[in-house]
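**Q** just coords:
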C-alpha cells in the first residue's frame, strides 16, 4: 500500500475500562501491521491529568496482553522513538508549538469563552458556519498588549490554509473539506497544556507513522491534521510525509445508537469476567465492518491476518449483536483441545473459591474427566461454575438452587428420591450405564414415571440445578457416597 514499510499506531487514553470499540480499533491496526509485515506502535495518550490514571494504564496493558496483541514499540518494550507516553513528551510538544508560532503557522487567541459563544450564536442565526471566525488571526502588537493588560490569557490556535483539503480515505474514498467547514483550531490550552489536536500529529510525524486507522468519530479532525502535518514538515518535524487515513465504521448498540463507554455491553471487562475467549471475541469484533468471506463468520486470528485488507472494510455502521458474539465464542470454545479447555476453566473455578490457588492432582483429574461433559454445552467459560461447581464444593457448603428446588423437589418427589436411594445403595458397578439401568428400572418401570419426572428431582438433588451435565455421568464423578448423601438430604427436605 506504500513504498515505505508500514507503521501504524494504537494510541488509547488511560481513562476507565477499555471498551469493545477500542478493541476493534486495536485489532484492525494490529492485523494490518501483521498482514503487511509492518510495525505496530503502542502509544499512550495521557495528557489529560484530570481523567487519566495509572490504574487505567495498567488495565490497558493487561487488556492488550489478554487479547494476544503484541506491539513492536511502546510501553515495556521501548523503541527508537521513546518515550511512548505523551505525558513524558511535554517538552517536545512545547518546542513544536513555539516553532509553529515563530513561523506563522499558529497564533495566540485571546477570545473569552463568552465571546466565542456569542459569535457562534450570531453565526448560526445568520445561517453561517459557527466555527472559530479568525478574530485573533492577525492581531497587532498593541492589541495583544491591551488584552494582556486586561488580564486575559491566550490559547494557541493553528492557522488553517484558505483552500480545500482533499484526501483519499482508505475506507470511504476521496473526501474534500472546504475552508469554511474547517476553521482554525486550538493546539495549546491557556495553561500551556498541549491538546490532542497537536500531540497526536506531532507523534505521528516523529514516529514515521504511515497509516492512521481509527474510528469514524475522528474523521472531522483529519483535514486539520493533514494541514498540521504539512506545517510540521515546513519546520523540520518528521520526514515530511502525510499518513494514509482509514476511518472505521461506527459500532452501534441498542436502538441504533452509537455504542458508548457507558453501555454495559461495551466494557471489555464484562467479556473477560463472563469467560469469553480472546479469539472468540476478536473473531466477532472483526466482523464489525469486515468479513473473511460472505459465507463464513468463524475463523482464526491467523486467518484474519492473512486475509485482512483495509480496503475491504465497509463504511456503513456495524451493529453489535451480543447473541451472535456469544454464538461465535461458543464455536471457538468447542474447538479448544481438551487439555487447553481444562486449563482455561481453572481460573473461573478458582475465582468462585471452588479450586485453590494450587489445585491438587485429584482435583485436576476430576476436572479433566468432567470437562468433556460440558464443552459442547457451554457458551462462555464462566458457566463452568454453575455446571461443574457441584463437583468441587465442600459437602457442608452444597446448596440447591431454590427456584429449581421449588419446581422439582416438592412432596411428590419423595418416592422418587427414596426409590433412587435404595437402587443405588445396592449397585455394585457404579458407572453411568448401570446407574441409568437401575434408576430407570426403579423409577420409570417401578413407579411408572416419565423420564423427565423421574430424573429431574434427582438432577436437582445431586447437582443443585435443573440444568447440568448428563445426570448419570455426574453421579459417577460425584461418587456413590456423596451422591447418596445428597439424595438423603433432599429426601429429608421434601418429607419434612
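**A** Sure thing, it's come through. Bear in mind the structure is a predicted one, so any value in this text is a computation, not a measurement. Numbers count the residues shown, from 1 in each chain.

**Q** Could you check how far the closest residue to residue 242 other than its chain neighbours is from residue 245?
**A** Once flanking residues are discounted, residue 242 sits nearest to residue 229: 4.6 Å by CB to CB, 6 or more residues apart in numbering. (Each C-beta comes from the backbone N, C-alpha and C, glycine too.) From residue 229 across to residue 245, the span is 11 Å (CB to CB, to the nearest Å).

**Q** measure stretch 349-369 end to end?
**A** For stretch 349-369, the first and last residues are 15 Å from each other (CA to CA, to the nearest Å).

**Q** so residue 41 sits right up against residue 78, yeah?
**A** No: between residue 41 and residue 78 there is no contact under CB atoms under 8 Å: 11.4 Å.

**Q** between the two, which one's more packed in?
**A** Higher neighbour count among residue 41 and residue 78: residue 41, with 24 against 11, using other CB atoms under 10 Å.

**Q** for the more buried one, phi and psi?
**A** Phi and psi for residue 41, reported as degrees, to the nearest 10, are phi -100, psi 120.

**Q** try residue 174
**A** Main-chain dihedrals, residue 174, degrees, to the nearest 10: phi -70, psi 130.

**Q** Show me the beta-bridge partners of it.
**A** Residue 174 forms beta bridges with residue 168, as assigned by DSSP bridges.

**Q** any idea how far it lies from residue 449?
**A** Between residue 174 and residue 449 the computed distance is 73 Å (CB to CB).

**Q** what about these two, which has more around it?
**A** The residue with more neighbours, out of residue 174 and residue 449, is residue 449; 20 against 8, by other CB under 10 Å.

**Q** need the contact list for that one.
**A** Neighbouring residues of residue 449 by CB atoms under 8 Å, 6 or more residues apart in numbering: 416, 443.

**Q** Regarding it, what is its secondary structure?
**A** Assigned by DSSP: H, G, I helix; E, B strand; the rest coil, the conformation of residue 449 is coil.

**Q** Buried residues, stretch 338-352. List them.
**A** Within stretch 338-352, the residues that qualify as buried are 341, 342, 344, 345, 346, 348, 349, counting by 16 or more other CB atoms under 10 Å.

**Q** contacting residues for the residue in the chain sticking out farthest from the centre?
**A** No residue in the chain sits farther from the centre than residue 446, which is 54.7 Å out by CA atoms, centre = their mean. Applying CB under 8 Å, 6+ apart, we find residue 446 in contact with residue 419.

**Q** Same check on residue 465?
**A** Contacts for residue 465 (CB under 8 Å, 6+ apart) come out as 386, 390, 400, 401, 404, 459.

**Q** between those residues, which is nearest residue 136?
**A** The nearest member of the contacts of residue 465 to residue 136, counting by CB to CB, is residue 386 at 63.9 Å.

**Q** where does the nearest residue to that closest one once chain neighbours are set aside land on pLDDT?
**A** Leaving aside its sequence neighbours, residue 386 sits nearest to residue 465 (CB to CB, 6+ apart; 6.5 Å). Note for residue 465: predicted pLDDT of 95.

**Q** Spell out, range by range, the strands that occur in this structure.
**A** For the chain, the strands defined by DSSP state E cover 7-10, 39-42, 106-109, 155-158, 165-169, 173-177, 185-188, 211-215, 244-248, 251-252, 318-319.

**Q** and the last one, what other elements does it pack with?
**A** Here strand 318-319 is seen to pack against strand 251-252 when contacts are counted using 3 or more CB pairs under 8 Å, 6 or more residues apart in numbering; DSSP states H and E.

**Q** Show me the contact partners of the strand it packs on.
**A** By CB under 8 Å, 6+ apart, strand 251-252 touches 20, 21, 24, 258, 259, 288, 317, 318, 319, 320.

**Q** Relative to residue 364, how far out is the third one?
**A** In other words, residue 24. Distance, residue 24 to residue 364, by CB to CB: 36 Å.

**Q** Between those two, which is the more surrounded one?
**A** Comparing residue 24 with residue 364 by other CB under 10 Å, the one with more neighbours is residue 24, at 25 against 14.

**Q** For the closest residue to the more buried one other than its chain neighbours, give me its contacts.
**A** Leaving aside its sequence neighbours, residue 24 sits nearest to residue 285 (CB to CB, 6+ apart; 4.6 Å). With contact set as CB under 8 Å, 6+ apart, residue 285 has these partners: 20, 23, 24, 27.

**Q** Looking at these, which one is closest to residue 181?
**A** residue 24 (27.9 Å).

**Q** Could you verify my assumption that that closest one touches residue 248?
**A** Yes: counting by CB under 8 Å, residue 248 is a contact partner of residue 24 at 7.0 Å.

**Q** Now the common contact residues for the two.
**A** residue 289.
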